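Enquirer: What follows is a predicted structure for the sequence shown.
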Amino acid sequence: MDNWVELLPFAEFGHNAKAHSATSKSPFEILHGYAPRLLPPLHFNQKVPTVEEHLCRLDDIRKEVHASLQLASEQMKKNADQYRQKNHLFRKGHKVWFDGKNLHLQYPKAKLTPKRYGPFEITDIVGPVNCHLKLPKTWKIHPVFHVSLLMPYHETPEYGPNYARPSPDIIQGEQEFEVEDIIKSRHFGKNKRLQYLIKWRGYPHSDNSWEPAGHLTHAQKLITAFYKRHPSAPRLIRTMLWYLSRRTPNL
């Protein structure tokens, strides 16, 4: 589109002719007392109001708009006070659940995405309605959230038990965590190294992490089960070539 400058007056007219949600009236109607038409009628037979009638209508509109804005302001204050009261539940050092509805992490299917993440520790209270959380280092997001997205840390029937975060096993002098499930695979980095997104047993989904395939030598059964569920998921290059050769018919 190269004629957008010519269309600006029409865009401005449309903006000023649209009714506002708080007042139910357009800027044109509030300012002039009527809603002008984009194109004039072919047959003009409307009655022209007197100056006194026009002034009375403007005064009625002013009173109506003032009342609507006052009502909207009171509703906004009510909503804000509701969150301020909720913020009184949280203190620095408390742990909270975080609503994950707006958090876009990598899961193969939406239904597998957890409803909540955590618990996370509150490291600071930012203003009247925001909290600074201690998030996993793998999450590259801003750690300050509105209290409407936070819930006190306690066990509920809706979300199930809290996570105790079990201690790792010590195998040959090194810590080793138990893999519960493999969620996704990818080729990562310049060399396209195969990695798996791991759900660790006893840990919440917020602690899921991408691990190199070489770290999962003791989880071959889980890897096999993962590829049965997701046969087209990324895999080792040599394994992928073998897999494709079996699926390609001989010509």
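Expert: Done, it's in.
Enquirer: Tell me the predicted confidence for Ser232.
Expert: Reported pLDDT at Ser232 in the predicted model: 88.
Enquirer: can I assume it sits in a helix?
Expert: No - with DSSP: H, G, I helix; E, B strand; the rest coil as the criterion, Ser232 is located in coil rather than a helix.
Enquirer: Pull up the gap between it and Phe226, please.
Expert: Separation of Ser232 from Phe226 (Cβ to Cβ, to the nearest Å) stands at 12 Å. Where C-beta positions appear, they are placed from N, C-alpha and C, glycine not excepted.
Enquirer: Looking at those two, which is more packed in?
Expert: Taking other Cβ atoms under 10 Å, Ser232 and Phe226 do not tie; Phe226 has more neighbours (21 against 8).
Enquirer: Show me the helices in this structure, by range?
Expert: For the chain, the helices defined by DSSP state H occupy 4-17, 27-32, 51-87, 220-229, 237-247.
Enquirer: what mean pLDDT would you report for the longest one?
Expert: When the per-residue pLDDT values of helix 51-87 are averaged, the result is 74.
Enquirer: now Gly100, nearest residue through space, not along the chain?
Expert: Tyr117 (5.0 Å; Cβ to Cβ, 6 or more residues apart in numbering).
Enquirer: pLDDT score assigned to the one you found?
Expert: Per-residue confidence (pLDDT) for Tyr117: 80.
Enquirer: That one contacts Asn102, correct?
Expert: No - between Tyr117 and Asn102 there is no contact under Cβ atoms under 8 Å: 11.4 Å.
Enquirer: So between the two, which is more surrounded?
Expert: Tyr117 (22 against 7).
Enquirer: which ones are touching that one?
Expert: By Cβ atoms under 8 Å, 6 or more residues apart in numbering, Tyr117 lies in contact with Trp97, Phe98, Gly100, Leu103, Pro204, His205, Ser206.
Enquirer: Looking at pLDDT only, which of the residues you listed scores worst?
Expert: Least confident of those in the model: Leu103, at 70.
Enquirer: Could I get the contacting residues of it?
Expert: Contacts of Leu103 (Cβ under 8 Å, 6+ apart): Tyr117, Ile141.
Enquirer: How about Tyr34?
Expert: Phe28, Arg57.
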